[in-house]
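Peer 1: Generate a structure from the sequence data that follows.
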Amino acid sequence: TSGGTRTSEDILSVARTLNAGLYYVPSMRNGAGAPPFEDRGNAILSTLPLDDLQAIELPFTRQRRIAISASIRGVRGVRGVDAATPWTLRIVTAHLDALAGASRLWVFASGWRAKQADAVLAALDRHVSAPSVLGGDLNTWFLGTWERAYKRIEAAYPDTGNTVVPAGTSGH
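Peer 2: Purely as a prediction, here's the structure:
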């Protein structure tokens, strides 16, 4: 935002500017009508090469949602020692549905977000053998700790701390 005017930059331009690796999967068209057309989806930017790319289609509620994951690899060296230890880290990003629809009591339909969280975790269980980091917008309310989606993701990552960041002053 600049002087009250919202600006946006294409993710490909951002990746080029940062000289970063990019994995982007669109999930839906943003807006309707005339150009310029925009997609929205999930992206992973990395200063290390990305490989082992995976798109995970989430159960459909109101909108198409895609979670994505990629691996980054490196070598950890020890000073004065010739041997180096390779490492791999799986990066996952997800954006769960915010509102599931009137038939599902709108914001209190955390069961749909839980189904989406389950889909991400199931795909990772089949695909990941390396340590992983999952981040994203879970669209939870009241800091999310009582919602099933949050609890299931938290249970899948028991050895790490969680960071819940309230959006603005609304507490969600």
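Peer 1: Sketch out the low-pLDDT regions of the chain for me.
Peer 2: Filtered on pLDDT under 70, the chain yields the residue ranges 1-7, 31-37, 78-83, 99-110, 127-128, 141-145, 161-172.
Peer 1: where along it do the helices fall?
Peer 2: Per DSSP state H, the chain has helices spanning 11-18, 110-127, 148-156. These are given in chain order.
Peer 1: Need the ones you listed in JSON lines (columns: distance to residue 28).
Peer 2: No exception for glycine: its C-beta is placed from N, CA and C like everyone else's. Converted to JSON lines, the helices of the chain look like this (distance: least, Cβ to Cβ, whole Å):
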{"stretch": "helix 11-18", "distance to residue 28": "15"}
{"stretch": "helix 110-127", "distance to residue 28": "15"}
{"stretch": "helix 148-156", "distance to residue 28": "20"}
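Peer 1: Give me whichever of those helices is most buried.
Peer 2: Comparing the helices of the chain by mean neighbour count (mean count of other Cβ atoms under 10 Å), helix 110-127 comes out on top with a mean of 19.
Peer 1: That helix versus helix 148-156: what angle between them?
Peer 2: Here helix 110-127 points in a direction 30 degrees away from that of helix 148-156 (axes from the mean of the first three to the mean of the last three Cα atoms, to 10 degrees).
Peer 1: For helix 110-127, which helices and strands make contact with it?
Peer 2: For helix 110-127, the packing partners by 3 or more Cβ pairs under 8 Å, 6 or more residues apart in numbering; DSSP states H and E come out as strand 50-57, strand 66-77, strand 84-95, strand 132-137, helix 148-156.
Peer 1: Just send these back as a markdown table, with distance to residue 25 too.
Peer 2: Formatted as a markdown table, the helices and strands packed on helix 110-127 follow (distance: least, Cβ to Cβ, whole Å):
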| stretch | distance to residue 25 |
| --- | --- |
| strand 50-57 | 5 |
| strand 66-77 | 5 |
| strand 84-95 | 10 |
| strand 132-137 | 13 |
| helix 148-156 | 20 |
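Peer 1: which residues touch residue 59?
Peer 2: Contacts here follow Cβ atoms under 8 Å, 6 or more residues apart in numbering; on that basis residue 59 touches 112, 115, 116, 119.
Peer 1: Check these and tell me the two furthest apart.
Peer 2: Checked with Cβ to Cβ, the contacts of residue 59 reach their widest spread between 112 and 119, with 10.9 Å between them.
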